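>>> mind folding the following:
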Amino acid sequence: MTDTTAIVTIAALSFLYVGSSLAINAKIGSRARLKYLQAQIAEINKDYSAALKEKDQAKLAKMAVREKEMAGYMTEMMILPFKSLIFILPVFFIFIGINTFGIQYNGLIQRLFPTFLISLPFDLHPVSVFALKIFQTGVYGSRGFFILCGIVAGIILEMVYSTYENHLKQQSLKVKNEEKPPVPTT
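Residues are numbered from 1 along each chain as shown. Coordinates of the predicted model:
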């Protein structure tokens, strides 16, 4: 297999993995639910701040009950992302392999491209990042290149997905505004 074919294949597999991970995360991780919980917590915090400023004891007593509600929301927010990890993480290890905990599995990428090496003008290995030496040439095997492609694909797909979500939100607002009867001016 030529280097170009290997590069394209690894990048495509990485893109496929990241795309499916985002889809799983959107479905199981419940992005909509996460946004709802964040909005509820923000509202509770805003109400609590207002009650503190007004020094209204009745509102503060009501807020004590809402704080328990908020704790439940925060717990749910922490658990939601882990639901999708149950599916995403094993697939990741199928691709890149795992060589810890007594398990010796090289992974699909390593098996398909055992001699693959690519030299890139930046070094994102953890040692180089912590030493602040990322602007040096870095050599990556098939696993490292798969992970780098996954980072880039994740950034691009997240931007596309967020833009698409915002577009849908704008369209729904536009439809709602069109449904309202015109206000008479006299």
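
>>> C-alpha only now, for contacts and for neighbours.
Noted.

>>> could you check the pLDDT of T186?
pLDDT, T186: 53.

>>> give me the helices and strands touching the helix ranked longest in the chain, please.
Across the chain, the longest stretch assigned as helix under DSSP state H is helix 57-96. Secondary-structure packing of helix 57-96 (3 or more C-alpha pairs under 8 Å, 6 or more residues apart in numbering; DSSP states H and E): helix 3-27, helix 31-54, helix 107-112.

>>> show me what counts as buried in the longest one.
Read that as helix 3-27. Going by neighbour count (16 or more other C-alpha atoms under 10 Å), the buried part of helix 3-27 is 6-7, 9-15, 17-19, 21-22, 24-25.

>>> lowest-pLDDT helix or strand in the protein?
Within the chain, judged by mean pLDDT, DSSP states H and E, the helix or strand with the poorest mean is helix 126-130; its value is a mean of 79.

>>> show the subsequent helix or strand relative to it.
Remark: after helix 126-130, the chain's next helix or strand is strand 138-141, criterion DSSP states H and E.

>>> residues making contact with that next one?
T115, F116, L117, I118, S119, L120, P121, F122, D123, L124, H125 (C-alpha atoms under 8 Å, 6 or more residues apart in numbering).

>>> and stretch 110-122, by the same measure?
3, 6, 96-97, 134-143, 145.

>>> over to stretch 51-62?
Stretch 51-62 has contacts (C-alpha under 8 Å, 6+ apart) with Y48.

>>> mind showing which ranges of the protein have poor pLDDT?
Along the chain, the model assigns pLDDT under 70 to residues 1-2, 29, 178-186.

>>> what about stretch 128-148, start to end distance?
Using C-alpha to C-alpha, to the nearest Å, the end-to-end distance of stretch 128-148 comes out at 14 Å.

>>> how far off centre is that stretch?
Mean-position distance between stretch 128-148 and its chain equals 22 Å (C-alpha atoms, centre = their mean, to the nearest Å).
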